[in-house]
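>>> Need coordinates for the following:
(chains A and B)
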Amino acid sequence: MTAAVEFLTVSRHFGTVKAVDGVDLTIAEGSFFAMLGPSGSGKTTCLRLISGFEKPTGGTIRIFGEDVSNTPPHLRNVNTVFQDYALFPHLNVRDNVAYGLMVKGMGRTARHAKAEEMLALVKLDGYGDRKPAQLSGGQRQRVALARALVNEPRVLLLDEPLGALDLKLREAMQDELKALQKRLGLTFVFVTHDQHEALSMADRLAVFNEGRIAQIGTPQDIYDRPATRFVADFVGSSNVLPPELTRALGGPTQWASLRPEATQLAATGPVQGTVTALRYLGSGTRVVIDAGGTEIAALVPAGQPVPAEGATTAFAFDPAALHLMEGS
Amino acid sequence: MRSEASWGLKLAALGGLLFLHLPILLIFLYAFTTEERSYAFPPPGYTTEWFAVAWNRQDIWPPLWLSLRVAAIATVMAMILGTLAAAAMARASFFGRDQVSLLILLPIALPGVITGMSLRSAFGIMDIPFSTWTIVLGHATFCIVIVYNNAIARMRRLSGGIMEASADLGANSFQTFRHVLLPNLGSALLAGGMLAFALSFDEVIVTTFTAGQQSTLPIWMLNELVRPRQRPVTNVVAIVVFAATFVPILIAYYLTRGGSETAGMGK
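Numbering: from 1, shown residues only, chains lettered A, B, ... in the order given. Sure, this is the predicted structure:
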């Protein structure tokens, strides 16, 4: 099977700034792929390299096997849902959605029918006559989605599409986007700085750091086996152990990660610490222990005794759960 | 809480407004006077005959026609060049951008006498005979600035994303210009064009340096005022000039007042 999108050692340098630096990437057809990273990590530049708004300064980009490194945006069969939606303020919702069909020369009746179909798909039937200024943020987002999908792109790019929405709406849209992607069988490439969003929505994700991919894999790979200390820190929720602590716990002198679920409290152990915070989660209690400057979180299942704040405790874990990683 | 202004301040404000606008009313009044040699107040009698006289005076039509032609050509030139300049300044960033921006704005800050003198000597050096085009060139220098200012203000307000969105959806540069940029700039360009037209139509200073023997309407009026015969005809023409410049400015004001509102839908 041909990959939907392929990067072969792609770079995009702006003068001395290496926004994207030697990235290799394969995005399978029909997958929901997330690009995750802090701002300035190169994820958005990668998206713009796929849409064609940036040209690579090195390497090759292929979309469905075709080299598009020098193809301008309007000739690529990919469409983008922009971060600020970028709806046309002078057109009503129907004409916004029909825009792509209009510039291809489709007649008014046909393109309006198609636009209404798309509006129904994103549950905005009956909104065709409104102007974008009369819509809420969530509705604008759906119009942007319909406008991109009407062109039947083979790859849909989404640039932090949920960033501007409030929490409740964002969660609803996450489910909806995921359902839509399954239903249409399209390849979605999704840029976000929100690790929870990336982990919960993507089939595969790439974690970006300083213009390079730090790790690429399934959400489970990234979460359970972060390749580098950066990934473990950025994805969060795992305990990051510096080399000395790993050795003190019986491992090699190397950075390691340890999931809170795999960490239990114990009466005795090689490393002891002070309980600094307790958080009740319903299914258990998250206990944070200060072990000589490093914070270690442990999950105590419901029904088991929880130490008081300030108490001294040791901890234990299944050695198989200790995951070694690179320090950078 | 709104505070009430004192009577003194109110009177001063009223006085100021009257001082500014009463002379204009007097101009209108004297278009209807029966006395043709001097502006005696109050006018000895009232008549509308000067409108008929003005209509039949053959020497009014060539200057009027010249003024309209010059204003129209200068406006079209300004709209094309001003829009292009604004597009370049809004989109690109290059070395010396701020300096170029200042150079574009300079003609409107420069006294008309300086612009006029420099153009006249340039035409002299290059052996260019005075014609409609020399007047047009003089007017275009400040008309471009008007259009440029209107266009760049609107472009800065437009989200840059909509141009990318248009390209992303398959539009080439021309389609993006036609379907996205133009409809969003439309009212700003129209307003700029109207202001430019009004400014050009009643311009005197630069025109005196670049017209040679030709008379535009304002210059014709200036010459006419020193002659003692049929004076009210000049006032009739003044009403025409007033209408030709005031109405476009009023329209321009209403077009740009709303801010985000844009007129017209592109197709």
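
>>> ok and the residue in the stretch 1-150 of chain A nearest chain B?
residue A:86 (3.3 Å; CB to the nearest CB). Bear in mind the C-beta positions are built from the backbone N, C-alpha and C, glycine included.

>>> my guess is that residue meets residue B:158, correct?
No - checked against CB atoms under 8 Å, the pair residue A:86 and residue B:158 is beyond contact range at 10.4 Å.

>>> So which of those two has more stuff around it?
Between residue A:86 and residue B:158, residue A:86 has the larger neighbour count (other CB atoms under 10 Å in any protein chain shown), namely 24 against 18.

>>> Flag the shaky bits of the stretch 151-267 of chain B, pLDDT-wise.
Scanning the stretch 151-267 of chain B for pLDDT under 70 picks out the ranges B:228, B:256-267.

>>> Show me what residue of it gets nearest to chain A.
Closest contact between the stretch 151-267 of chain B and chain A, by CB to the nearest CB, is at residue B:161 (3.3 Å).

>>> Could you check how far that residue is from residue B:43?
Going from residue B:161 to residue B:43 by CB to CB, to the nearest Å gives 62 Å.

>>> rewinding a little: which residue sits closest to the residue of the stretch 1-150 of chain A closest to chain B, ignoring its sequence neighbours?
Counting by CB to CB, 6 or more residues apart in numbering or on different chains, residue B:161 is the residue found nearest to residue A:86 once chain neighbours are left out, at 3.3 Å.

>>> How about the contacts made by residue 87?
I'll assume chain A. A:96, A:132, A:140, A:143, A:144, A:147, B:162, B:165 (CB atoms under 8 Å, 6 or more residues apart in numbering or on different chains).

>>> nope, chain B please
Contacts of residue B:87 by CB under 8 Å, 6+ apart are B:151, B:155, B:181.

>>> Make sure it is indeed in a helix.
Yes - under DSSP: H, G, I helix; E, B strand; the rest coil, residue B:87 falls within a helix.

>>> how much space between it and residue A:263?
Taking CB to CB, one finds residue B:87 at 60 Å from residue A:263.

>>> Same question for residue A:105.
Using CB to CB, residue A:105 is found at 62 Å from residue A:263.

>>> Also residue A:220?
Residue A:220 sits 18 Å away from residue A:263, going by CB to CB.

>>> Between these two, tell me which one has more neighbours.
Just comparing residue A:220 and residue A:263: by other CB under 10 Å the higher neighbour count belongs to residue A:263, 22 against 9.

>>> ok, the spatially most central residue of chain A - contacts?
Nearest residue to the geometric centre of chain A (CA atoms, centre = their mean): residue A:198, 3.1 Å. The contact partners of residue A:198, taken as CB under 8 Å, 6+ apart, are A:34, A:36, A:190, A:192, A:205, A:219.

>>> tell me the contacts of the first one?
Shown in contact with residue A:34 (CB under 8 Å, 6+ apart): A:189, A:190, A:191, A:192, A:197, A:198, A:201, A:202, A:204, A:205, A:206.

>>> Just send the residues you listed back as TSV, with secondary structure, distance to residue A:231 and pLDDT too.
As requested, these are arranged in TSV below (DSSP: H, G, I helix; E, B strand; the rest coil; distance: CB to CB, whole Å; pLDDT from 0 to 100):
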residue	secondary structure	distance to residue A:231	pLDDT
A:189	strand	20	95
A:190	strand	18	92
A:191	strand	17	94
A:192	strand	15	92
A:197	helix	16	88
A:198	helix	12	90
A:201	helix	18	90
A:202	coil	14	92
A:204	strand	14	94
A:205	strand	10	93
A:206	strand	10	95
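
>>> Make a ChimeraX selection of whichever of those turn out to be buried.
Selection of the buried residues among these in ChimeraX, burial being defined by 16 or more other CB atoms under 10 Å in any protein chain shown:
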select /A:189,190,191,192,197,198,201,202,204,205,206
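
>>> Closest one of the contacts of residue A:34 to chain B?
The nearest one, if we look at these relative to chain B and count by CB to the nearest CB, is residue A:189, at 13.5 Å.

>>> Tell me what the closest one is bridged to.
Counting by DSSP bridges, residue A:189 forms beta bridges with residue A:33, residue A:157.

>>> Tell me the spacing between it and residue B:203.
57 Å.

>>> again, but for residue B:192
16 Å.

>>> what about stretch A:181-188, distance to the chain center?
A distance of 16 Å separates the centroid of the chain from that of stretch A:181-188, by CA atoms, centre = their mean, to the nearest Å.

>>> I should have written stretch A:215-234 there, sorry.
12 Å.

>>> which residues touch it?
Contacts to stretch A:215-234, defined as CB under 8 Å, 6+ apart, come from residues A:25, A:36-38, A:195, A:198-200, A:202-207, A:209, A:214, A:235, A:237-238, A:240, A:255, A:257, A:259, A:323, A:325-328.

>>> Report the buried residues of it.
A:215-217, A:219, A:222-223, A:225-232, A:234.

>>> before we move on, the earlier item: ok, the residue nearest to residue A:86 - contacts?
A:82, A:83, A:84, A:85, A:86.

>>> If I look at the residue nearest to residue A:294 when sequence neighbours are not counted, what pLDDT would I see?
What sits nearest to residue A:294 in space, not counting adjacent residues and going by CB to CB, 6+ apart, is residue A:245, at 5.6 Å. Residue A:245 is assigned 86 on the pLDDT scale.

>>> Make sure residue A:245 is actually in contact with residue A:290.
No - with contact defined as CB under 8 Å, residue A:245 does not reach residue A:290; the gap is 11.9 Å.

>>> Comparing the two, which residue is more hemmed in?
Neighbour count, other CB under 10 Å: between residue A:245 and residue A:290, residue A:245 has more, with 22 against 13.

>>> what does the stretch 1-150 of chain A have sitting close to chain B?
A:51, A:53, A:72-75, A:79-80, A:82-91, A:95, A:99-100, A:102-104, A:133, A:147-148 (CB under 8 Å from any CB of the partner chain).

>>> Selection in ChimeraX covering whichever of these are buried, please.
This is the ChimeraX syntax for the buried subset of these, where burial follows 16+ other CB under 10 Å:
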select /A:51,73,74,79,80,82,83,84,85,86,87,88,89,90,91,95,99,100,102,103,147,148
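
>>> In helices, which of the residues of the stretch 1-150 of chain A next to chain B fall?
A:51, A:95, A:99, A:100, A:102, A:103, A:147, A:148 (DSSP state H).

>>> tally of neighbours for residue A:158?
27.

>>> so where's chain A shaky on pLDDT?
Applying pLDDT under 70 to chain A flags residues A:1, A:328.

>>> how does it look with 80?
A:1-2, A:163-165, A:236-237, A:250-251, A:267, A:269, A:319, A:326-328 (pLDDT under 80).

>>> domains in it, as residue ranges please.
A:5-231, A:244-324 (automatic domain parsing).

>>> From start to finish, how long is the shortest one in a straight line?
Using CA to CA, to the nearest Å, the end-to-end distance of domain A:244-324 comes out at 13 Å.

>>> residue ranges of the helices in the stretch 201-328 of chain A, please?
Secondary structure of the stretch 201-328 of chain A, counting by DSSP state H, counting those that start in this stretch: helices at A:219-224, A:229-235, A:243-248.
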